[in-house]
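Undergrad: sequence unknown, structure follows:
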């Protein structure tokens, strides 16, 4: 909802715009201040009073999409002049993701605008039908009045009209009656004229809205084409790093330090209140940039990637359930790059934990965290929803995001699952290219403990969806 101060400033701009004798175009900044406001203004019945302004706003959106195409060409030109280091590829992907997000936002606003225009078109057609019926009724009434008046123009009936009066008072009454007939006819004619005027205005508005609908549908198609191009560029850029990622995973077999579960810790773990259902691992302001099992551009992907919609670091990472922190591994810069891209096997700063929900024990891994943002240590007991760290881009990462994996560890207890843990970062399920990880998926190995769960299914995510 637009706040009062913001609405007032927009209304002042519009008042100045319409008060001048010559209509001047609003600047790009005027539209940029609140695009949602102008989308709303130019989509419904209010657009009748602002057709010139709304046409300018449509041109502004068109120019935005054109500018995005230009930026894409410039990025591609710059890529030819720079090395293909991880740092440069990360920056390129960040720019791509910003453009994708901006295009997605514009698409949502355009779709909402199209919905409103369609509703307005329906209402306008209803108005036209109503006025057409009113015009038909008035036309018939005028025709009857004209026919009645014309019958009085003949000489004989007029003589009869005058001399049939008994006296002067009777004659005056007859004349006044004719005057009232004429007055009623004039009122009817005026109503007819006004109805036809409104009818014509509604027809013009209908024509205008249909043209706007056509323009906005075309804009949607254009921006979707550009968005797909950007996404293809992201896919190709990331795909070029996949072989390096394979090599890193093959090299990474470091075992985690296993803490001793003393009697006091065991007591705290066993007394944990079990959560019902899963808590999504990122608070808000993110989208699903890569799903589970395969990347959109090919290659195995054993978790889900949740990327910041703004391309920035710092989103809170949450515990999906109540449980035990099993590993916290840091020491990686917030933004990964070679040689630092291999930090902690490419996972960058990461946390692992064991938790229980709905009577089932799970393992979880949270990777590519912001340097120095972790709030927990191995052995800590946490409740579901606890902030564990913040989103970063450490390790082999192509932009701020969380790589999150889930593992099925049994139906008994956190303590029992901890005792079975082999100290590997993936809880004994291997990786995309090592340790037989591809065959350790729960939906292919009969849910034999341990196995890999599909976070997309568990958290009810949709690829490309924003949350």
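TA: In hand now; what should we look at? Computed from a predicted structure; not experimentally measured.

Undergrad: what about the helices in the stretch 201-350 of the chain?
TA: For the stretch 201-350 of the chain, the helices defined by DSSP state H, counting those that start in this stretch occupy 242-251, 263-270.

Undergrad: if you average pLDDT over each of those, which comes out lowest?
TA: With a mean of 50, helix 242-251 has the lowest mean pLDDT of these.

Undergrad: what's the span of stretch 277-293, first residue to last?
TA: 23 Å (C-alpha to C-alpha, to the nearest Å).

Undergrad: likewise stretch 458-466?
TA: Start-to-end span of stretch 458-466 (C-alpha to C-alpha) is 16 Å.

Undergrad: so how far is it off the chain centroid?
TA: When C-alpha coordinates are averaged (C-alpha atoms, centre = their mean, to the nearest Å), stretch 458-466 and its chain have centres 13 Å apart.

Undergrad: So for whichever strand or helix holds residue 141, mean pLDDT?
TA: Element membership of residue 141, judged by DSSP states H and E, is helix 86-150. In this model, helix 86-150 has an average pLDDT of 74.

Undergrad: what does stretch 440-447 give?
TA: 94.

Undergrad: For that stretch, buried residues please.
TA: Going by neighbour count (16 or more other C-beta atoms under 10 Å), the buried part of stretch 440-447 is 440-442, 445. For every residue, glycine as well, the C-beta is placed using N, CA and C.

Undergrad: who touches that stretch?
TA: Stretch 440-447 is contacted from outside by 293, 408, 429-430, 439, 450-454, using C-beta atoms under 8 Å, 6 or more residues apart in numbering.

Undergrad: Just the buried residues of those residues.
TA: Burial by neighbour count, 16+ other C-beta under 10 Å: within the contacts of stretch 440-447 this picks out 293, 408, 429-430, 450-454.

Undergrad: TSV please, covering those residues and showing pLDDT, secondary structure and distance to residue 230.
TA: Converted to TSV, the buried ones among the contacts of stretch 440-447 look like this (pLDDT from 0 to 100; DSSP: H, G, I helix; E, B strand; the rest coil; distance: C-beta to C-beta, whole Å):
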residue	pLDDT	secondary structure	distance to residue 230
293	93	strand	24
408	98	strand	36
429	93	coil	34
430	88	coil	33
450	97	coil	38
451	97	strand	36
452	97	strand	31
453	98	coil	31
454	98	coil	27
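
Undergrad: Okay, now the unreliable bits of the stretch 251-400 of the chain?
TA: In the prediction, the stretch 251-400 of the chain carries residues with pLDDT under 70 at positions 251-264, 266, 297, 337-341.

Undergrad: go with 90
TA: Residues of the stretch 251-400 of the chain meeting the criterion pLDDT under 90: 251-276, 283, 294-301, 309-311, 335-346, 379, 395-399.

Undergrad: How about residue 220: what's its closest non-neighbour residue?
TA: residue 110 (5.3 Å; C-beta to C-beta, 6 or more residues apart in numbering).

Undergrad: before we move on, what about residue 355?
TA: Distance criterion C-beta to C-beta, 6+ apart; nearest residue to residue 355, sequence neighbours excluded, is residue 323 at 2.8 Å.

Undergrad: Specify the beta-bridge partners of the one you found.
TA: Beta-bridge pairing of residue 323 under DSSP bridges involves residue 355, residue 382.

Undergrad: The one 4 residues further on too?
TA: In this structure, residue 327 has beta-bridge partners residue 352, where bridges are defined by DSSP bridges.

Undergrad: Can you spell out which helices and strands pack onto the helix holding residue 141?
TA: When contacts are defined as 3 or more C-beta pairs under 8 Å, 6 or more residues apart in numbering; DSSP states H and E, helix 86-150 sits against helix 35-41, helix 51-79, helix 168-239.

Undergrad: Let me see the mean pLDDT of the second one.
TA: Put plainly, it is helix 51-79. Computed over helix 51-79, the mean pLDDT rounds to 70.

Undergrad: same question, the last one
TA: Regarding helix 168-239, the rounded mean pLDDT is 71.

Undergrad: rewinding a little: isn't the residue nearest to residue 355 up against residue 356?
TA: Yes: under the criterion of C-beta atoms under 8 Å, residue 323 makes contact with residue 356 at 6.2 Å.

Undergrad: quick revisit: what is the most widely separated pair among the contacts of stretch 440-447?
TA: Greatest spacing in the contacts of stretch 440-447, by C-beta to C-beta: 293 and 450 (16.9 Å).

Undergrad: Please work out how many residues are found near residue 51.
TA: Counted by other C-beta atoms under 10 Å, the residues lying close to residue 51 total 15.

Undergrad: That one: what's it in contact with?
TA: Applying C-beta under 8 Å, 6+ apart, the residues contacting residue 51 are residue 208.

Undergrad: What's the separation between it and residue 209?
TA: Per C-beta to C-beta, to the nearest Å, residue 51 is found 9 Å from residue 209.

Undergrad: Same check on residue 419?
TA: For residue 419, the distance to residue 209 equals 68 Å [C-beta to C-beta].
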